[in-house]
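# Okay, sequence plus prediction incoming.
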Amino acid sequence: MAARAVEQWLNADHSDNSGAHLRCPHGHQARYAGRRLKTFTTALGPMKLGRAYYHCDQCQAGFCPRDRALGLCDTALSPAVARMTAQAAAIVSFQESHDLLRDLAGVDVPTKHVERAAEAMGREISQDERQVVESPLSHEVVAPTLYLGMDGTGVPMRTSELDGRAGKQPDGSSKTREVKLVTIWSAEARDKEGTPVRDPGSVSYSAAIESAAQQDTDKAPSEFAARVQREATRRGFDMAERRAVLGDGAKWIWKLADEYFPDAVQILDRFHAKQHLSDVGKAIYGATSDLAKGWARERHDQLDAGEIEALLLALRTHSPANEEARKCIEYIEANRHRMRYPEFRAAGLCTSTGVVEAGCKVAIGTRCKRTGMHWTVAGVDAIIALRCCKLSGRFEDFWERRSTARVA
């Protein structure tokens, strides 16, 4: 009944008829060509609306002024339903989103329409992310210490998106593309043992399938480097009293850190380093051997104590006959200035990338790496943009900007 009442009220209003002629979106003269009916899905149910229709002979296309006023351009979903659809699809699969909308809101949006609407919203958010880069105002509080972490995780792709790409499959092919993630957070709180604990609500995410590769002669930053810079600006990373960059042993992470945050403390994930040492122990004594566990435990203790030289000496004992030991030596030598863990702990700094790894799972894996999913680059980037926006607490600001632009 509410849907019919609103439908009658809107259809009784013909103020969208601006006369015989009206400028088209490209500035050409368009002629009035009557009223057109279209059924829209709204939160109250389906509504059939009549709109003044103008046709531009020069563009060979038509448009309805009321569609823009009501936020209905190029869609059959009302803004309220589009919002619900996008937020559902940011959390669960397109099919599950369809079921949720039907069961909880009584709105029947076909699964394919959910996919199209969510990806369209994600593309809008992705564009907004590039255009709206505002640093915190001077009166806003920035945490004394901010952490910036970077990592990558593979997502399953459609075969057409993998042509010619090398991978880890037995035949050298790939099944995935790497999504690169940047996350920023604070950790002023401490647990009972004095270990820094992530502050609730402080984490923000930004991610996409983008390259971090950059030559010294390039005048512009890589796509991902530009993303990292935007996120750092939004969070006021350079305004914090202390800045730390955390990551695993990937060279691209530290190259970006050196280039764009040279004054930040660089910290190699302590547990990632310990995993390398455990792998060496298994390679020496066997994967299930108690000797391997004991050897690794001793190396972990040396690492925690900052006894890097003793650690390297233990590795060199086995390096002539063990490839894993040789690789681990190179790894530690390249990162030893990032492994000053006693010094970092004394300064109250995080030494783990748990927040970053959780971000890879929460922002990307939970939604995009489920059984049977295979994505296009454009599709997964859109959903990741939508999900990061939602998880970072920025959806309301985006929606306000979107609504303001529509009215304008």
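Arrived safely. Everything numeric in this text was worked out from a predicted model, so none of it was measured.

# show me the residues around Cys360 that make contact.
Residues in contact with Cys360 (Cβ atoms under 8 Å, 6 or more residues apart in numbering) are 151-153, 181. The way it works is simple: take the backbone N, C-alpha and C, and place the C-beta from them, glycine included.

# Scan these and report the most crowded one.
Tallying neighbours with other Cβ atoms under 10 Å puts Leu181 at the head of the contacts of Cys360, with 25 neighbours.

# didn't it look like it was pressed against Ala207?
Yes: counting by Cβ atoms under 8 Å, Leu181 touches Ala207, with 4.0 Å between them.

# Give me the phi and psi for the closest residue to Cys368 other than its chain neighbours.
Among residues not flanking Cys368 along the chain, Val155 sits closest, at 4.9 Å (Cβ to Cβ, 6 or more residues apart in numbering). The phi and psi values for Val155, taken as degrees, to the nearest 10, are phi -120, psi 140.

# Kindly reformat the contacts of Cys360 as CSV and extend each row with pLDDT, distance to Met121 and secondary structure.
Conversion of the contacts of Cys360 to CSV gives the following (pLDDT from 0 to 100; distance: Cβ to Cβ, whole Å; DSSP: H, G, I helix; E, B strand; the rest coil):
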residue, pLDDT, distance to Met121, secondary structure
Asp151, 96, 26, strand
Gly152, 95, 25, strand
Thr153, 95, 23, strand
Leu181, 97, 20, strand
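
# Go through the residues you listed and name the one nearest Thr366.
Nearest to Thr366, judged by Cβ to Cβ, of the contacts of Cys360 is Thr153 at 11.2 Å.

# Find the nearest non-adjacent residue to that closest one, please.
Nearest to Thr153 is Cys360, by Cβ to Cβ, 6+ apart, at 4.3 Å.

# what about the one you found, distance to Val203?
Taking Cβ to Cβ, to the nearest Å as the measure, Cys360 falls 12 Å from Val203.

# One more: Ala213?
For Ala213, the distance to Val203 (Cβ to Cβ) stands at 27 Å.

# Looking at those two, which is more packed in?
Shown here are Ala213 and Val203; by other Cβ under 10 Å, Val203 has more neighbours (23 against 12).

# ranges for the helices of the stretch 1-150 of the chain?
Per DSSP state H, counting those that start in this stretch, the stretch 1-150 of the chain carries helices over the ranges 2-12, 65-69, 79-89, 94-105, 111-131.

# Domain boundaries for this structure, per the record?
2-130+401-407, 132-269+352-375, 272-338 (automatic domain parsing).

# Now the shortest one: average pLDDT?
So that's domain 272-338. Domain 272-338 shows a mean pLDDT of 95.

# residues making contact with the strand ranked longest in the chain?
Longest strand of the chain, by residue count under DSSP state E: strand 29-42. The contact list for strand 29-42 (Cβ under 8 Å, 6+ apart) reads 3, 6, 14, 17-24, 46-59, 62-64, 72, 76-78, 80-81, 107-109.
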